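Asker: below is the sequence, then the predicted model.
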Amino acid sequence: MIRFVKNFLGKAIKICYRLVYRFVPSNSKTVLFIAFHGRGYSDNPKAIYEYMKSQPEFQDYHFIWAIKNHRKKNIKISGAQIIEYFSIPYFYYLARSHYWVVNCKLPGYVLKKPNQVYLQTWHGTPLKKLAYDIEVPKGTTFYRSGMSEESMHETYAQDVKKYNYMISPSRFTTEVFQSAFRINKERLIETGYPRNDILSLYSQEDIIKIKKELDIPLDKKVILYAPTWRDNSFVAKGYTFKLEVNFDQWKKILGNDYVVIFKPHYLIVNDFDMSKYKGFVYPIEPSQDISSLYLISDILITDYSSVFFDYAILKRPIYFYMYDIEQYRDQLRGFYLDIYHDLPGEILDNEDDLLTKIVEQDYDYHKLESFNQRFNNHEDGYASKRVVDIVFK
């Protein structure tokens, strides 16, 4: 009954929004920020907001953040108004804001007036094929909704049509986005990712502060384990992830020198009980911003997540633990890169080999240097400034 009422109210709000949004005048100094469909305060929108907030010329701007359950999460953002995602104020500010700063595809019900400016920041350099570039057998469905390939393509087409600007971090990504999203090059701004500015401008004091906030030991090295979701593993609530690591073995081999930060992808919804490994494994909420975790980590272990593109900026070791590489490569997604030659680290499908590499500090830094020249040549700490200069000035 409750679900029925919620669905009814949601449809009613959408209908009202569609009828009246044209009559709500947009304000030239109102900016709406949305990260990961309202999951939190993070990523490129956060970096752009914090840069704008620091600049005198934007002091009289009205900044709005749309976040789900922000009161329950106790989220506070200095200098901004927080509204509930998918509420009446949310729909009002979709119509009222002159600028939208968003890092993900907006739902199809969102309507844009000709004078509004939609900045699509996206949320990563793609390793896995996206949108129109995904090659699948006829009849394949996508996402938990079972959407057809044609319907999936149409959701991107409708969203891309609204973009005024889309951020690209590199020449490689500019080429990929033109193919994956069918967007003309003129709307792509190759600036680097604002969220990565901190990776070039951080201090040792920043690292100590973050470690203390997360209660991470200052006398241990930190491994960041950041796996991604699998397209074929989900429940009604969202995507699930089967943890295929033996933290008992990790602790036995690495526990004297290292601790582990376990940060699942933001789409992963199942819970992980790490109480058994307290003091060695530090679980982080999937929705939490990952940038600060990069800074305090000495090593990154990932699989098919694009986090390694950003982490490479720090010039620290990256290992790829791909225990299901054959299935993922051949059945779930294709890749844009030759993963055996282009990645800034070695692919390992055996856990013992992974742990041995870490203990022996076996890592090829020359591979990392050439990778950064190709994929991170714009990451110099000033991407936020470049984006704001183009879009807002």
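Answerer: Cool, got the structure.

Asker: which other residues reach stretch 66-79?
Answerer: Applying Cβ atoms under 8 Å, 6 or more residues apart in numbering, the contact partners of stretch 66-79 are 32-34, 37-41, 49, 53, 63, 65, 82-86, 90, 93. For glycine as for every other residue, the C-beta is placed from the backbone atoms N, C-alpha and C.

Asker: ignore what I typed, I meant stretch 277-292.
Answerer: Contacts with stretch 277-292, where a contact means Cβ under 8 Å, 6+ apart, come from 36, 39-43, 46, 195-196, 198-199, 210, 214-216, 226, 247, 250-251, 255, 259-269, 272, 274, 293, 307, 310.

Asker: filter those to the buried ones?
Answerer: Buried members of the contacts of stretch 277-292, counted by 16 or more other Cβ atoms under 10 Å: 36, 39-43, 46, 195-196, 198-199, 210, 216, 226, 247, 250-251, 255, 259-269, 293, 307, 310.

Asker: ok, and the helix or strand in this protein with the lowest average confidence?
Answerer: Of all the helices and strands that make up the chain, strand 141-142 has the lowest average by mean pLDDT, DSSP states H and E, namely a mean of 70.

Asker: give the buried residues for the single longest strand found in the chain.
Answerer: Longest strand in the chain by number of residues, with DSSP state E as the criterion: strand 27-34. Burial within strand 27-34, assessed by neighbour count using 16+ other Cβ under 10 Å, is assigned to 30-34.

Asker: for the helix or strand that it is followed by, name the packing helices and strands.
Answerer: Heading C-terminal from strand 27-34, the first helix or strand you meet, by DSSP states H and E, is helix 43-53. Contacts of helix 43-53 with other secondary structure elements, assessed using 3 or more Cβ pairs under 8 Å, 6 or more residues apart in numbering; DSSP states H and E, are made with strand 27-34, strand 62-67, strand 97-102, helix 197-201, helix 383-391.

Asker: could I get these as CSV with mean pLDDT and distance to D342?
Answerer: Compiled in CSV, the helices and strands packed on helix 43-53 are given as follows (pLDDT from 0 to 100; distance: least, Cβ to Cβ, whole Å):
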stretch, mean pLDDT, distance to D342
strand 27-34, 98, 32
strand 62-67, 98, 36
strand 97-102, 98, 29
helix 197-201, 97, 21
helix 383-391, 98, 23
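
Asker: please enumerate the strands of the stretch 251-393 of the chain.
Answerer: The residue ranges that make up the strands of the stretch 251-393 of the chain, judged by DSSP state E, counting those that start in this stretch, are 258-262, 281-283, 299-302, 318-321, 347-348.

Asker: so which of the ones you listed gets nearest S148?
Answerer: Taking Cβ to Cβ as the criterion, strand 299-302 is the member of the strands of the stretch 251-393 of the chain that comes nearest to S148, at 30.6 Å.

Asker: run through who's touching that closest one.
Answerer: Surrounding strand 299-302, the residues in contact under the criterion Cβ under 8 Å, 6+ apart are 221-228, 258, 294, 307-308, 311, 316-321, 354, 358.

Asker: from those residues, list just the buried residues.
Answerer: The neighbour-count test (16+ other Cβ under 10 Å) applied to the contacts of strand 299-302 identifies 222-228, 258, 294, 307-308, 311, 316-321, 354, 358 as buried.

Asker: so which of the residues you listed sit within helices?
Answerer: Taking DSSP state H, the ones among these that sit in helices are 294, 307-308, 311, 354, 358.

Asker: state the pair within the residues you listed that is farthest apart.
Answerer: Y294 and L354 (19.6 Å).

Asker: go through stretch 171-190 and flag the buried ones.
Answerer: Of all the residues in stretch 171-190, those buried under the rule 16+ other Cβ under 10 Å are 172-174, 176-178, 180-181, 183, 187-190.

Asker: again with stretch 190-206
Answerer: Across stretch 190-206, burial judged by 16+ other Cβ under 10 Å covers 190-199, 202.

Asker: list just the nearest of these to L337.
Answerer: Y193 (17.8 Å).

Asker: in contact with the residue nearest to that closest one when sequence neighbours are not counted, which residues?
Answerer: In space, not counting the residues next to it along the chain, Y193 is nearest to P169; the distance is 4.6 Å by Cβ to Cβ, 6 or more residues apart in numbering. If you count contacts by Cβ under 8 Å, 6+ apart, P169 has them with 125, 190-193, 196, 309, 375-376, 378-379, 383.

Asker: where exactly do the helices run in the stretch 201-350 of the chain?
Answerer: For the stretch 201-350 of the chain, helices defined by DSSP state H, counting those that start in this stretch occupy the ranges 204-214, 247-254, 291-296, 307-311, 325-327.

Asker: which stretch in these is the model least sure about?
Answerer: Set side by side, these give their lowest mean pLDDT on helix 325-327, at a mean of 79.

Asker: okay, now the unreliable bits of the stretch 251-393 of the chain?
Answerer: Using pLDDT under 70 as the threshold, the predicted model of the stretch 251-393 of the chain has low-confidence ranges 265-272, 329-333.

Asker: got the contact list for D342?
Answerer: If a contact means Cβ under 8 Å, 6+ apart, then D342 has F371 as its contacts.

Asker: adding distance to I347, write the helices and strands packed on helix 43-53 out as CSV.
Answerer: As requested, the helices and strands packed on helix 43-53 are exported to CSV (distance: least, Cβ to Cβ, whole Å):
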stretch, distance to I347
strand 27-34, 35
strand 62-67, 37
strand 97-102, 33
helix 197-201, 24
helix 383-391, 29
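
Asker: and those: which comes nearest F4?
Answerer: Within those, the stretch nearest F4 is strand 62-67; the backing value is 24.8 Å (Cβ to Cβ).

Asker: just the angle between the closest one and helix 43-53, please?
Answerer: Relative orientation of strand 62-67 versus helix 43-53 (axes from the mean of the first three to the mean of the last three Cα atoms, to 10 degrees): 160 degrees.
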